[in-house]
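Undergrad: Sequence plus the predicted model coming up.
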Amino acid sequence: MKRFTILLFTILIGKAALAQDDYQKFIQAALQGDTVLAEQILKNSVKTDSVQEKVFAIKNVTEHIFKINITALKDSIINFFEIKNDPEKSKFLNNIFYRNDCYDDDTARRMILFSVETIKDPIFSKDYFAQHGTSNDVFLTVYHEAWESKFYYSNGHALNYTTDFVLKLSKVGKNLTNLKVVALNPEVINGKGLGVHGSMYEYASVHPTTIEEYSLLLFIADK
């Protein structure tokens, strides 16, 4: 019973996101200690849309060989994404990595910011850098922020898409480095449901689009 007392307190925040009947049923089931029914109501609260893909005849390029040694390229990439260098102002990034946030009657365009991690200072990338063959890579995290997809949609409107990226560097010759951009575990937001802290988004795993990867490649090559 103590578990559900705590749960009810946090659920109050998100009750507006539920139909009133569902919320009342959940409260009643929880107070009566009917955990099976309460969990079933939470499960039934999830509403998702189908995920559709736009058709592109040709996929974008996601790797390129640079005429620079691997250490210099890695150091340059890290520097490019420093906040002080305003990467969000790049024409190759600001047309892809943004979201429109609504405030009352106003809509504000907000850029998605990247945080760079390497094997020397992993925080969100510890599991990735624990893998073999990742010591030369650069990890870009967006902290699960989502932006409007140019590829995935549902019911005539774009879905929000999110993924972290890995920039995989490998030496292919003297002063030649191959850079491949890889999207890690991409997802789209395709619905909402009820969680222990109130209303929450539902995510669906999807395939990489290559749009974002190509944009990152162009951003780096333009430097």
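TA: Okay, I see it. All values reported here derive from a predicted model rather than from experimental measurement. Numbers count the residues shown, from 1 in each chain.
Undergrad: What's opposite residue 100 in the beta bridge?
TA: residue 109 (DSSP bridges).
Undergrad: so what's it up against?
TA: Residue 100 sits next to 107-110, 148 when contact means C-beta atoms under 8 Å, 6 or more residues apart in numbering. Using the backbone N, CA and C atoms, a C-beta is placed for each residue, glycine as well.
Undergrad: Roughly how far does it sit from residue 147?
TA: Distance, residue 100 to residue 147, by C-beta to C-beta, to the nearest Å: 9 Å.
Undergrad: got it, and residue 179?
TA: 22 Å.
Undergrad: more neighbours, these two?
TA: Taking other C-beta atoms under 10 Å, residue 179 and residue 147 do not tie; residue 179 has more neighbours (23 against 20).
Undergrad: the helices in the protein, which residues?
TA: 2-11, 20-31, 35-44, 70-80, 126-129, 211-222 (DSSP state H).
Undergrad: could I get those helices as a markdown table with mean neighbour count and mean pLDDT?
TA: Output for the helices of the chain, formatted as a markdown table (neighbours: other C-beta atoms under 10 Å; pLDDT from 0 to 100):
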| stretch | mean neighbour count | mean pLDDT |
| --- | --- | --- |
| helix 2-11 | 13 | 43 |
| helix 20-31 | 16 | 73 |
| helix 35-44 | 15 | 80 |
| helix 70-80 | 16 | 97 |
| helix 126-129 | 13 | 96 |
| helix 211-222 | 19 | 96 |
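Undergrad: and residue 53, which of these is closest to it?
TA: Counting by C-beta to C-beta, residue 53 lies closest to helix 211-222 out of the helices of the chain; the figure is 11.7 Å.
Undergrad: That closest one: how far from the chain's middle?
TA: Relative to its chain's centre, helix 211-222 lies at 17 Å (C-alpha atoms, centre = their mean, to the nearest Å).
Undergrad: May I have it exported as PDB, CA atoms only?
TA: Taking C-alpha atoms only, helix 211-222 is exported to PDB below (Å, rounded to 0.1, in the frame of the first residue of the first chain):
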ATOM      1  CA  ILE A 211      19.900  12.500 -43.500                       C
ATOM      2  CA  GLU A 212      21.300  13.400 -40.200                       C
ATOM      3  CA  GLU A 213      24.500  11.500 -40.800                       C
ATOM      4  CA  TYR A 214      25.100  13.200 -44.100                       C
ATOM      5  CA  SER A 215      24.500  16.600 -42.500                       C
ATOM      6  CA  LEU A 216      27.100  16.000 -39.800                       C
ATOM      7  CA  LEU A 217      29.500  14.800 -42.500                       C
ATOM      8  CA  LEU A 218      29.000  18.000 -44.500                       C
ATOM      9  CA  PHE A 219      29.400  20.100 -41.400                       C
ATOM     10  CA  ILE A 220      32.800  18.600 -40.700                       C
ATOM     11  CA  ALA A 221      33.900  18.700 -44.300                       C
ATOM     12  CA  ASP A 222      33.000  22.300 -44.600                       C
END
